[in-house]
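# Please find the sequence and the predicted model below.
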Amino acid sequence: LILAFKIINKMDTSSKSNAANFPIRSQEDLIGLMSMAKISTSEVQPVVQSVHFANELLDDQVMLLELDEALLAKLIKGEDRLEVKGSIDQEAVLCTSECTYEVREVETSNSLMLSTDTLMPPATASAEGLDGGGIQVRRSSIAAVKHSYAELRRLKPGPASLRCLLPQSASYRGLVEEQEADADAAAAVAAESPTMEQLRTTAQMSDSELSRLLDSVNAIELDGRVRLLHEDLPQQVLSALMSAAVENDWTLAALPVEDACASLADLYDPRVTRRVIQLHSVQSGVLGDCVELDSKLISRTFGHFLLRLGSAYDLSVFLPLWQEAVSDAATVSLDHLAGLCLTSSSPGDCSESADSITVRYFPADLLPDNHAARFAELFKARAKWTLEDLQPYLESVCYGKVTPGSLLARYARVSNANGRKYYSAR
Amino acid sequence: QLESGNQTGCWSLIELQGSFESRTLAEDNLIDQEEKLRGGLIGDLLFSRHSGQPLLIVGHHLLQGKSVPLEKPLAVIRGNQIVGVIRNKLVFRDRPKPIIASVTKR
């Protein structure tokens, strides 16, 4: 379902048909009524309106939606549009090109009466043919009566909602596996994998958030279908690229894309190589002919691979192992693995020597989106955290007014030790 | 650009405390489901000459109201189109004053 909002100028709630049922009230009627209320005609603006229900009420056809001025202005100018996203059984989510909102209904015990022909001051301040005193009776109609309106609440979609739509069973594993798959298996994969357009309308997120998350989960579009890359592939392809670079005297700061893909073609589908290059390049967007690879992203991919292999490493073993894997592509550093690993204590604590610190795989992606549940997991994994260590694990659930600070104020207790602030469970 | 208020054809919002089934208004027997269906009268809307304060005479009650700017604009949506934008509303929330008809008419 795509709703494109346009503006139309007038709605026809003509009161012509009403007149047949209820003739317009006379001036005398109104003046009499006003005098009973102890209101003289000189006290009121000349235009008096008899407000009636329209013959046909539009209660079910009309909806009130509260919008920010900024968003409204964009919609009216046609610079953006609001789209409904998701499948039938899901809660309504509206998206602009950048943002995602849930739609909530706000009920009121009051009656909200909507009209297109009721005049307001100053239009009621003057009437033709009347100078001082005297009133002119007009008829106005209420087109709809509402008892609720809808408001938009900003949401920040995380990788979890995207992963639901991209099954692991359909992930791309490699050339050999793809070629060995029989027609049935291939058909099954195609059936489980959405097209980009299907993804765009069913994933409850804006187009730009979808684009960003497709990168963060290492998804690829192949033959019109969107699939995850098998989790080992990025590291394998990078290793092969780095070898090819050495052989061909290429620098990773200016890698020739086509040549690189061609040189790996026996091992890896060039489209996959391209995607891995894109996922590790400094610039986002369309790939140029020559690309600069980001050494931090390379470092991260190798570190991620090593973390998944073992259960826990001594830091003194892990760091050299990791550096060797990366060789001259980067100088490794634990901050490259933000949101991926947990050390047994916060480095910088004086309590333990470097030898006894262990590091293990602890991905932010697998934490629950629900704030309370997320903090429960975090404090279970480590009792005390510094803000710096916590931030990568809160980043994906923060947006707008929901900041790490506001979350910590709500879900954590702060304490001081050695001149540093630590956060723990309440 | 669509705005509520001053011109015919633009959307306006009048908010009445309670629904038409509420005791105060229903007491007068003037506003009921049938009225609603048949395009019946709700009341008469007046504006004070000097202050612009809105007044609504509903049945035997005088409701005093005020014009309130909305915190955020309300878009009126019909089908998949924004057909109007409302930025102010008339709110009638005060206790309605009963209008006592004179016992004798001169």
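Received the coordinates, thanks. Residues are numbered from 1 along each chain as shown, chains lettered A, B, ... in the order given.

# Which pLDDT does the model give residue 4?
Going with chain A. As predicted, A:A4 sits at a pLDDT of 36.

# To clarify, I was referring to chain B.
pLDDT for B:S4: 28.

# tell me what the longest strand anywhere in chain A is packed against?
If you go by DSSP state E, chain A has its longest strand at strand A:100-115. Applying 3 or more C-beta pairs under 8 Å, 6 or more residues apart in numbering or on different chains; DSSP states H and E, one finds that strand A:100-115 contacts strand A:62-66, strand A:93-95, strand A:136-142, strand A:144-155, strand B:12-16. Every residue, glycine included, has its C-beta placed from N, CA and C.

# Strand A:62-66 and the longest one, what's the angle between them?
Translated: strand A:144-155. Going by axes from the mean of the first three to the mean of the last three C-alpha atoms, to 10 degrees, strand A:144-155 is angled at 40 degrees with respect to strand A:62-66.

# would you turn the helices and strands packed on strand A:100-115 into CSV with mean neighbour count and mean pLDDT?
Output for the helices and strands packed on strand A:100-115, formatted as CSV (neighbours: other C-beta atoms under 10 Å in any protein chain shown; pLDDT from 0 to 100):
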stretch, mean neighbour count, mean pLDDT
strand A:62-66, 19, 94
strand A:93-95, 23, 92
strand A:136-142, 21, 92
strand A:144-155, 18, 93
strand B:12-16, 23, 95
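
# and of the ones you listed, who's closest to B:V83?
Closest approach to B:V83 among the helices and strands packed on strand A:100-115 (C-beta to C-beta): strand A:62-66, 7.8 Å.

# Could you name the helices and strands sitting against the closest one?
Strand A:62-66 packs on strand A:100-115, strand A:144-155, strand B:61-78, going by 3+ C-beta pairs under 8 Å, 6+ apart.

# Only C-alpha atoms, please: export the shortest one in PDB.
Output for strand A:144-155, consisting of C-alpha atoms alone and laid out as PDB, is shown next (Å, rounded to 0.1, in the frame of the first residue of the first chain):
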ATOM      1  CA  ALA A 144     -17.600  15.000  10.600                       C
ATOM      2  CA  VAL A 145     -17.400  14.400  14.300                       C
ATOM      3  CA  LYS A 146     -14.300  12.700  15.600                       C
ATOM      4  CA  HIS A 147     -13.400  11.400  19.000                       C
ATOM      5  CA  SER A 148      -9.800  10.700  18.300                       C
ATOM      6  CA  TYR A 149      -6.800  11.800  16.300                       C
ATOM      7  CA  ALA A 150      -3.600  10.000  15.200                       C
ATOM      8  CA  GLU A 151      -0.200  11.000  16.300                       C
ATOM      9  CA  LEU A 152       3.200   9.900  15.000                       C
ATOM     10  CA  ARG A 153       5.800   8.500  17.300                       C
ATOM     11  CA  ARG A 154       9.300   8.300  15.900                       C
ATOM     12  CA  LEU A 155      10.800   4.800  15.800                       C
END
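
# Can you list the strands that it pairs with?
Strand A:144-155 has the following strand partners under DSSP bridges: strand A:62-66 (parallel), strand A:100-115 (antiparallel).

# Repeat that for the longest one.
Each strand that strand B:61-78 pairs with, and the sense of that pairing, follows from DSSP bridges: strand A:62-66 (antiparallel), strand B:54-58 (antiparallel), strand B:81-92 (antiparallel), strand B:97-98 (antiparallel).

# After the first one, which helix or strand is next?
Going down the chain from strand A:62-66, the next helix or strand is helix A:69-77, by DSSP states H and E.

# Next, the angle strand B:61-78 makes with that next one.
Helix A:69-77 runs at 60 degrees relative to strand B:61-78, counting by the same axes, to 10 degrees.

# Show me what counts as buried in helix A:69-77.
Using 16 or more other C-beta atoms under 10 Å in any protein chain shown as the burial criterion, the residues of helix A:69-77 that qualify are A:71-72, A:74-76.

# Which one of those is nearest to A:P256?
A:K74 (40.9 Å).

# Could you measure from that closest one over to A:L64?
Look at A:K74 and A:L64: by C-beta to C-beta, to the nearest Å, they are 19 Å apart.

# Check A:T273 too.
52 Å.

# For A:C95, which of the strands paired with strand B:61-78 is the nearest?
Of all the strands paired with strand B:61-78, strand A:62-66 comes closest under C-beta to C-beta, at 14.0 Å.

# Could you point out which residue ranges in chain B have low pLDDT?
B:1-9, B:18-37, B:94-95, B:100-106 (pLDDT under 70).

# re the thing from before, A:L342: which of the helices and strands packed on strand A:62-66 is closest?
Per C-beta to C-beta, nearest to A:L342 of the helices and strands packed on strand A:62-66: strand A:144-155, 27.5 Å.
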